[in-house]
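In: Give me coordinates for this.
(2 chains)
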Amino acid sequence: MKNEIAIDAKNTAPKTKVSRKEKRRSRSLDVQKSRMGWLFVAPFLIGFLLIYLPMIVESIRFSFGEISIQPGGGYVLLDAGWSNYSYALSTDPQFTTTLIGSLTDLAFDVPAIVIFSLFMAVLLNQKMRGRAIFRAIFFIPVIVSTGIIESIDNANITAQNMEQMAGGGGSDLEGANSGAQILSVMDLTSLFRGMQIGAGIVEYVVSLVNNVYNIVNKSGVQMLIFLAGLQSISPAIYESCHIDGASSWETFWKITFPMISPMILVNTIYTVIDSFTSQSNRMMAYLNTLNESSSLKNADVITTAMSWMYFLVVILVLAIVAGVFSAYVFYQRKDV
Amino acid sequence: MDTSAMTKQELKEYKKQLKREEAIRKIKSQEKTPFLMRLRYKYLTMYFAKKVLWSLFRFVLLVGISYIVLFPYISKVASSFMSKEDFTNVKVLLIAMNPTLDTYEAIISDNKYFEALFNSTILSLLCAISQTLICAIVGYGFAKFKFRFKKLLFVCVILTMIVPHETIQLSLFMKFRYFDIWGIYGGIQHLIENLGAIFSHPEGVSAGYEVLENAFVDVGVSDPGFFKVLFSHPTTVHSMGNMLNSYWPFAILSLTGLAIKNGLFIYIMRQYFNGVPDELEEAAYVDGAGTIKTFGKIILPMALPMMVTIFMFSFSWQWSDTFYTSLFFTNQKTAILLPNIVNIPSSLDTDFVAKETYEAAIRNTCGIMILIPLVVIYMFAQRTLIEGVERSGITG
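Out: A predicted model of the protein is given here:
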């Protein structure tokens, strides 16, 4: 670039004055625009550099250390090397099993949530009477079923379990939350046995049906994202398909599915992140109990170390998922 | 009659006309199929049957899933009206035999419901408004401007989304317990202290140095050099103050786009602004508006449905959040928030046969009382909310 300008200046002396001026002006406009860009993202940038990044760094330091609070205010961080990590991996009885357990949960839940939310979005996108009401009902979990309600449900389940362990009979009312009351598991199992498909699939389906409440609850945002994607597909494409005589089944697989595939990627990633970071996750629950229990010395730093390992696993899973999926994703506009 | 008076020509024409009329009548009568026939054609086709069956199937399915979504709440609401006797009564499943409002009254009076409601409303409103604005601004910056490191910065946004809470839980706590920015304040404080120790010591600099050396040996650093003493990273952290039990942590996190799921909000806003045509802003620029004026007067009003969506999300997630509130409000006496009201009121005697069920019902009632304001807001905002998301055109 610079060379070109220099040559330009040598060759045509009188003309360059104008062009250079123009160039400078246009460049300054660019600079101005990029400055405005910095201004607009400044809140996040400042927050990230001043608050978030130090927190991350500190968190990594904590995971290699040991904290003791000073009586006069302030705290001292002692170097502990890899001891927290080695404790988590080798001494702690439950860490590795919980990690593997939460990974398998993920492998079961994510496809179910994504497929279910896609199905529901396609259904809710059709024109019908009472659509607004159904939509309003399906998005209630997005607003309502977070944080506090989840923890209340958990508290109830723990209380119930304790009661049952103590020998008291549980009551029916509590079972209302599980899918078991909604659909009788036994019937379903025998139905699938009759169909003579693999036992693994039967178990998977049964566990899905048992979990249907959780799945519905967790797929609210995903449904919204799919709906947004479905709305952005031009109706003209469907019309021409219809004229050419495609059935709705064909239309779904040849038009809707490829057009929505970027959204499937986004939703898969979102679901992975969401279930990894949600409080109902097995790993998160375990870390919480560790933090709250007083039996473990240095629980705070050990859980930090554990969650860093957990985070690395998350990143690995995300990278694999994104890598595999993006090979199959269809983009209508290549430039986006 | 007249016909006889007509000429031959006229008669011919008259007959022609009659014929024509008859033909028209015939065609018309042919066209008009009988009513039953028409019904048959309309409703007894495969197409119609398919349509009806499908919509029936769809309706049943949707109702079923709505039931799954709503049933837990229905059962919670139902059990909240039950009196103590109803829990031991086998006949009672959903509808109470002796409905009371005792549970509600006890929660309101014993658990300081209204105080918590007030505090939570203020906190959630402040958080939601600031988060909505900040995320819109940052999203706009990411969508419409070109600058260096934009992609890297956006990866950082994604990063804030991916890192689980628990990972930074401890450092979040420490950050706001001993608030400081990059340890600068602490460093200065440390430097001043060191210098003070050196110069205020009666026997001069060398003695002060000794004092320091001893201090550092105590902390675990052996034989530090003089400069190392002055400029070493402090092992004891000083801070600007304790921010726990105040709204400051929430304000700081909200204003910098780091609070709950703000990465997602920034992402959604960016996608929305990506879909806004550039010509709109160019027109504004041509008319002489600056970037900020364009944003405030044209872009923001246009993005209102989207911002309502973000507002709803952040408001309700902040409203029912337990992670940050329990982390930052360690002392419930200073500020009682809604998540804190979930416990068994002391005025209710729960010690009887169906204790577990009764306590669960009380906890659920607390949950319902927390949710009521949210549900009311949701009813008003749901149309805008769903339309907003639909219009966002989120793409991968």
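
In: so where's chain B shaky on pLDDT?
Out: Within chain B, the stretches with pLDDT under 70 are B:1-6, B:31-32, B:166, B:180-187, B:189-191, B:193-241, B:332-335, B:350, B:387-396.

In: Point to the residue nearest the middle of it.
Out: B:Phe313 (1.4 Å; Cα atoms, centre = their mean).

In: Verify the contact between it and B:Lys261 for me.
Out: Yes - with contact defined as Cβ atoms under 8 Å, B:Phe313 reaches B:Lys261; the gap is 7.2 Å. Any C-beta I mention is one placed from the backbone N, CA and C, and that applies to glycine too.

In: B:Lys175: neighbouring residues, count only.
Out: B:Lys175 is flanked by 23 other residues according to other Cβ atoms under 10 Å in any protein chain shown.

In: Packing partners of the helix or strand containing it?
Out: Per DSSP states H and E: B:Lys175 is located in helix B:165-177. On a contact count with 3 or more Cβ pairs under 8 Å, 6 or more residues apart in numbering or on different chains; DSSP states H and E, helix B:165-177 meets helix A:53-63, helix A:282-292, helix A:299-326, helix B:248-255, helix B:323-328.

In: Briefly note if the last one comes near chain A.
Out: Yes - counting by Cβ under 8 Å from any Cβ of the partner chain, chain A has neighbours in helix B:323-328: B:Phe323.

In: Give me the buried positions along that helix.
Out: Buried positions in helix B:323-328, judged by neighbour count with 16 or more other Cβ atoms under 10 Å in any protein chain shown: B:Phe323, B:Tyr324, B:Thr325, B:Leu327, B:Phe328.

In: Could you find the closest non-adjacent residue to A:Met263?
Out: Distances taken as Cβ to Cβ, 6 or more residues apart in numbering or on different chains place A:Gly229 nearest to A:Met263, at 3.8 Å, with adjacent residues excluded.

In: Could you do B:Ala289 as well?
Out: Closest residue in space to B:Ala289, ignoring its immediate chain neighbours: B:Lys297 at 6.9 Å, by Cβ to Cβ, 6+ apart.

In: Of all residues in the stretch 201-336 of chain A, which one is closest to chain B?
Out: A:Pro262 (2.8 Å; Cβ to the nearest Cβ).

In: mind listing what residue 88 touches?
Out: By default, I'm working from chain A. A:Phe95, A:Ile302, A:Ala305, A:Met306, A:Met309 (Cβ atoms under 8 Å, 6 or more residues apart in numbering or on different chains).

In: looking at chain B here, not the other one
Out: By Cβ under 8 Å, 6+ apart, the contact list for B:Thr88 reads B:Phe352, B:Val353, B:Ala354.

In: try 6 Å this time
Out: B:Val353, B:Ala354 (Cβ atoms under 6 Å, 6 or more residues apart in numbering or on different chains).

In: so what's whatever residue of chain B ends up closest to chain A closest to, chain neighbours aside?
Out: Closest residue of chain B to chain A, Cβ to the nearest Cβ: B:Thr256 (2.2 Å). In this structure, B:Thr256 finds its nearest non-sequential neighbour in A:Gly47, 2.2 Å apart by Cβ to Cβ, 6+ apart.

In: Quick one: mean pLDDT for the helix or strand encompassing that neighbour?
Out: Using DSSP H and E, A:Gly47 sits within helix A:13-47. Rounded to a whole number, the mean pLDDT of helix A:13-47 is 71.

In: okay if I get the contacts of A:Ala88 as TSV plus neighbour count and distance to B:Arg40?
Out: Listed next are the contacts of A:Ala88 as TSV, based on neighbours: other Cβ atoms under 10 Å in any protein chain shown; distance: Cβ to Cβ, whole Å:
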residue	neighbour count	distance to B:Arg40
A:Phe95	23	71
A:Ile302	25	77
A:Ala305	28	75
A:Met306	26	71
A:Met309	18	70
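
In: thinking the residue nearest to B:Thr256 is in contact with B:Leu255, fair?
Out: No - between A:Gly47 and B:Leu255 there is no contact under Cβ atoms under 6 Å: 7.4 Å.

In: neighbour count winner among the two?
Out: A:Gly47 (23 against 17).

In: and chain A, what are its domains?
Out: Per automatic domain parsing, the structural domains of chain A span A:1-44, A:93-170+A:217-326.
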